[in-house]
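S.K.: below is the sequence, then the predicted model.
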Amino acid sequence: MMSSKAQSSNNLAHARRTVQQLRIEASIERIKVSKASADLMNYCSEHARNDPLLMGIPASDNPFKDKKPCNIL
Amino acid sequence: MCDQTFVAITFGPCDCCGKASPLMNIYIKSEATNYCSFCVEVMATQGLQAGESAASLKKESDSLKKKLEEERAKLSDIELSQVAEKIEVLAPLSIKTRRVLKGHGNKVLCMDWCKDKRRLVSSSQDGKVIVWDAFTLNKEHGVTLPCTWVLACAYAPSGCAVACGGLDNKCSVFPLSLDKNENLNTKKKSVAMHTNYVSGCTFTSSDMQILTSSGDGTCALWDVESGQLLQSFHGHTADVLSLDLAPSETGNTFVSGGCDRKANVWDMRSGQNIQSFECHESDINCVKYYPSGDAFASASDDATCRFYDLRADREVAVYQKDSIIFGASTVDFSLSGRLLFAGYNDYTINAWDVLKGTRVSALFGHENRVSRVRVSPDGTALCSASWDNTLRIWS
């Protein structure tokens, strides 16, 4: 059973921690969304050709795709 | 009154009592000071400090929140989708089911690829964990845990062990034996201990450490050999449902998401929560880093997936459609980061164009909720796990 005094100090301690946390978050360096977007787009285009799910790869290179079946006459 | 465990960055003489001890960095009347934990608690039980009151703290907290919003808004000069207008539209993907992995007797809850790009581990509601060769569909290993709902499983970087956990509140590591007849339970190592279910686990850069997320609201870093808790991460105010480690080039951070609708980014060494995003309208079920490490995505019960840029410190895209009304449970990026695969409770997987914000393809096949999607390490395939007791490989 917490006394009301202990309870209010708990709330105070919690409030102090929240303020601490917010101070940290408010102080970080940020960049503009336009710059961030440009960088994301650059990363995608630089790596696009090595992205098999995006580009598709020939069945011969894909261990999961079945090779064309041979028709035995 | 509980003394909250904290990680001390400094050790030295306390500014209050002068004794040498681990110090907490706090602010009194906006001045930074270092107090030992005893003096902090003495101060707290004394109630109000001169110049500081519950009301002034609330006022400062509100003004800081407002300042955060303003700072973020100032830099929001354009939308990602607008910048992406100039790039070509993607054609629908020619991706189909290539393999169906049958063998679990109940809902498959989690899976993870091995670095060798062909093996994977999956875990199920019936307590079974299976290691598969995805090329041949061979089941290479199987182990039964004493608990049901194995919510999390992960493959070790070496490929020599797997970790799993769930309703047992633990995360255990099983070295994989070359002897197929050996019972893996004999070498089982109990590593993590939480006070509620383990929802997610991952090895860090080596087999020596694992990171876990839990229904007890915390994440934790553990040493596998000794089972020792190395660092704990407090900040979520409800169950943490997912975590993801930043790609190795970007340093020691990870992101977590949970039932408090928040996605938090953490510094692994200090335990500090460095960034927080509260944009979803419901539980966040999954978080995943973008391949460059500068951004991450989240999947939520609010039927949307969202994309956040860490350097701009804001949400930059929302992936949603009026026709999508069921929760998204899982997300993963393709190798280039251009595609985001998301699994939903309506049994489908949607592939989104990350930059343009539009849906590129929908993948149908599962007969129940999709619980997990993961792109293989070389990007050739997508594996999905489902409550229909199967896993599918798409390529």
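M.R.: Everything's here; your move. Residues are numbered from 1 along each chain as shown, chains lettered A, B, ... in the order given.
S.K.: show me the contacts for the closest residue to B:N185 other than its chain neighbours.
M.R.: Once flanking residues are discounted, B:N185 sits nearest to B:V143: 5.9 Å by CB to CB, 6 or more residues apart in numbering or on different chains. Glycine gets a C-beta too; all of them are placed from N, C-alpha and C. When contacts are counted by CB atoms under 8 Å, 6 or more residues apart in numbering or on different chains, B:V143 is found next to B:128-129, B:174, B:183-185, B:188.
S.K.: got the residues of the stretch 151-300 of chain B near chain A?
M.R.: B:235, B:272-276, B:290-292, B:294-295 (CB under 8 Å from any CB of the partner chain).
S.K.: if we can go back for a sec, closest one of the contacts of B:V143 to chain A?
M.R.: B:V129 (22.9 Å; CB to the nearest CB).
S.K.: helix or strand for the closest residue to B:G200 other than its chain neighbours, which one?
M.R.: Distance criterion CB to CB, 6+ apart; nearest residue to B:G200, sequence neighbours excluded, is B:S213 at 4.1 Å. Per DSSP states H and E: B:S213 is located in strand B:209-214.
S.K.: quick one: contacts of that strand?
M.R.: Residues outside strand B:209-214 that contact it (CB under 8 Å, 6+ apart): B:152, B:154, B:163, B:165, B:169, B:171, B:173, B:191-192, B:194-204, B:219-224, B:230, B:239-243, B:245, B:254, B:256, B:258, B:268.
S.K.: what does stretch B:259-268 give?
M.R.: With CB under 8 Å, 6+ apart, stretch B:259-268 has contacts from B:204, B:211, B:219, B:221, B:231, B:233, B:235-241, B:252-257, B:272-284, B:287, B:296, B:298, B:300, B:308, B:310.
S.K.: circling back: neighbouring strands - and their directions - for the strand holding B:S213?
M.R.: Partner strands for strand B:209-214, per DSSP bridges, with pairing direction: strand B:198-203 (antiparallel), strand B:219-223 (antiparallel).
S.K.: and those, which is most packed in?
M.R.: Mean neighbour count (mean count of other CB atoms under 10 Å in any protein chain shown) peaks for strand B:198-203 among these, with a mean of 26.
S.K.: picking up where we left off before, so how do I select the buried members of the contacts of B:V143 in PyMOL?
M.R.: Buried residues within the contacts of B:V143, by 16 or more other CB atoms under 10 Å in any protein chain shown, are selected in PyMOL with:
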select buried, chain B and resi 128+129+174+184
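S.K.: mind checking which of the contacts of B:V143 land in strands?
M.R.: B:128-129, B:174 (DSSP state E).
S.K.: would a markdown table of these with pLDDT and distance to A:S60 be doable?
M.R.: As requested, these are exported to a markdown table (pLDDT from 0 to 100; distance: CB to CB, whole Å):
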| residue | pLDDT | distance to A:S60 |
| --- | --- | --- |
| B:K128 | 95 | 35 |
| B:V129 | 96 | 34 |
| B:F174 | 96 | 36 |
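S.K.: three-state assignment of the closest residue to chain A within the stretch 151-300 of chain B?
M.R.: Per CB to the nearest CB, B:S292 is where the stretch 151-300 of chain B lies closest to chain A, at 4.7 Å. Of the three states, B:S292 takes coil under DSSP: H, G, I helix; E, B strand; the rest coil.
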